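Novice: model this:
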Amino acid sequence: MTTSAKKPLSMQLTDMLVSVWNLIRKIPPVYPVFVVIMIAVAQLNPNFATTDGIFLFLRRSAPLAILAMGQIFVLATGGFDLSQGSLVTITVIGSSLIIYNNESAGYTAILIMLGIGILVGLVNGFVVSFLKVPSLIATLGMLLLIKGGGLYWTGGAPKGYLTENWRYFGRGYIENIPVIGRFPVALIILVIVAVIMGILFYKTNLGKQILAIGDNPRASQLSGIRVKLVRMVAFLISAILAVVAGVMIGGYGGTSILAGEGLEMQSVSAAVIGGALLLGGRGSLIGAVFGALTLEAMFSLLNLMGLPKPFRDAVQGLIIIGAVAYGSITSRRRD
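Specialist: Next comes the predicted model:
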């Protein structure tokens, strides 16, 4: 009768370290990077680590996180939506023109902007899906169309102002909450949007079909997936969330023709940081949210260090290149 020899202690320790390392490798890089940047920001500004500081950061980050969630639906299909930033801008300046100092028109303006967002999403989806125009070109054209049309509509400058009932969604608080005091409305909206989008992306066939289309459109079509319709839905979701983010940004920052400037690239950056592949087929909704939080934390860190905006843009470019390179390397290793 034979018995198996017990492993030496050194081999047991080695096996344990290998298991721990394999576990660490499964953690997406965005989470530890986010924690490290947040610690660095808190070291430079101790107020950042307080309850009010954290809520202020989350309120400021919520619109970008919502944009990133919309962008991930399009990126996962293998496309881009570069019209998000212009939709944010038209939401802000268009609403100020519709309201025009009339507080009772606040909610009407939001509904009209949502209607415009739905129209833009459907047009983007139709042009990409049925007319076979590359999404990069189609949404770039839509960006210019919305931007030019919006400036022509408003005469090149915002008119009127955004009323308090309109701005409440961006800068309002729920007061007198036990323990924490007050809670940002923008954070409540972020949680609601995240839950709805999470259900769509992870718990319904839509999310599975989106990832399948991004991985192999032809095979998806042969398997019975309505590729054109799914792509249209992805662009529709992205456009609607861009309007939601626009309302929050306008509520927080007021009227400006630069309200959405560059946000389309920031949402792409956030999604890529969160693990999305630019060629489609892979993406994480939760990762996109943390990618947005990481990007905002990085901007806060650079501001605290006194670095100018051009440097921030350069860092954002490096982040995109690095994240795409990392995604390509890990994708090849899986293959």
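
Novice: which residues touch Ile189?
Specialist: Ile189 makes contact with Ala62, Ile66, Phe169, Val244, Met248, according to Cβ atoms under 8 Å, 6 or more residues apart in numbering. Just so you know, the C-beta spots here come from the backbone N, C-alpha and C atoms, and that holds for glycine as well.

Novice: which regions of the stretch 1-150 of the chain sit below the pLDDT cut-off?
Specialist: 1-7, 9-13, 15, 17-26 (pLDDT under 70).

Novice: all strands of it, in order?
Specialist: Assigned by DSSP state E, counting those that start in this stretch, the strands in the stretch 1-150 of the chain number zero.

Novice: what about the helices in it?
Specialist: Secondary structure of the stretch 1-150 of the chain (DSSP state H, counting those that start in this stretch): helices at 9-25, 30-44, 51-75, 84-99, 106-129, 135-154.

Novice: Nearest to Asn303, out of those helices?
Specialist: Across the helices of the stretch 1-150 of the chain, Asn303 has its closest neighbour in helix 30-44 (9.5 Å, Cβ to Cβ).

Novice: center of this protein, which residue is that?
Specialist: Ala68 (1.1 Å; Cα atoms, centre = their mean).

Novice: mind checking how far that residue is from Gly322?
Specialist: Counting by Cβ to Cβ, to the nearest Å, the gap from Ala68 to Gly322 is 17 Å.

Novice: repeat for Ser135
Specialist: 23 Å.

Novice: So between the two, which is more surrounded?
Specialist: Ser135 (24 against 13; other Cβ atoms under 10 Å).

Novice: hang on, isn't that one packed against Gln71?
Specialist: No - in this structure, Ser135 is not within contact of Gln71 by Cβ atoms under 8 Å, at 11.4 Å.

Novice: Between these two, which contacts overlap?
Specialist: Shared contacts of Ser135 and Gln71 (Cβ under 8 Å, 6+ apart): Asp81.

Novice: Tell me, how many residues neighbour Lys132?
Specialist: Neighbours around Lys132, by other Cβ under 10 Å: 9.

Novice: With Leu143 instead?
Specialist: Neighbour count for Leu143, taken as other Cβ under 10 Å: 20.

Novice: okay but it is in contact with Leu82, surely?
Specialist: Yes - contact criterion Cβ under 8 Å: Leu143 and Leu82 qualify, at 5.1 Å.

Novice: Neighbours of Ile225, how many?
Specialist: 18.

Novice: Tell me which residues touch it, please.
Specialist: Ile225 neighbours (Cβ under 8 Å, 6+ apart): Gln209, Ala212, Ile213.

Novice: try it again with 10 Å
Specialist: Ile225 sits next to Asn205, Lys208, Gln209, Ile210, Ala212, Ile213, Pro217, Ala219 when contact means Cβ atoms under 10 Å, 6 or more residues apart in numbering.

Novice: can you check Ala288 too?
Specialist: 30, 64-73, 75-76, 194, 197, 201, 267, 270-276.

Novice: likewise Pro8?
Specialist: Shown in contact with Pro8 (Cβ under 10 Å, 6+ apart): Thr14.

Novice: any idea how far Thr14 is from it?
Specialist: 9 Å.

Novice: what do you get for Arg282?
Specialist: Taking Cβ to Cβ, one finds Arg282 at 32 Å from Thr14.

Novice: Just want to know which of those two has more residues nearby.
Specialist: Using other Cβ under 10 Å as the criterion, Arg282 and Thr14 rank with Arg282 on top: 19 against 12.
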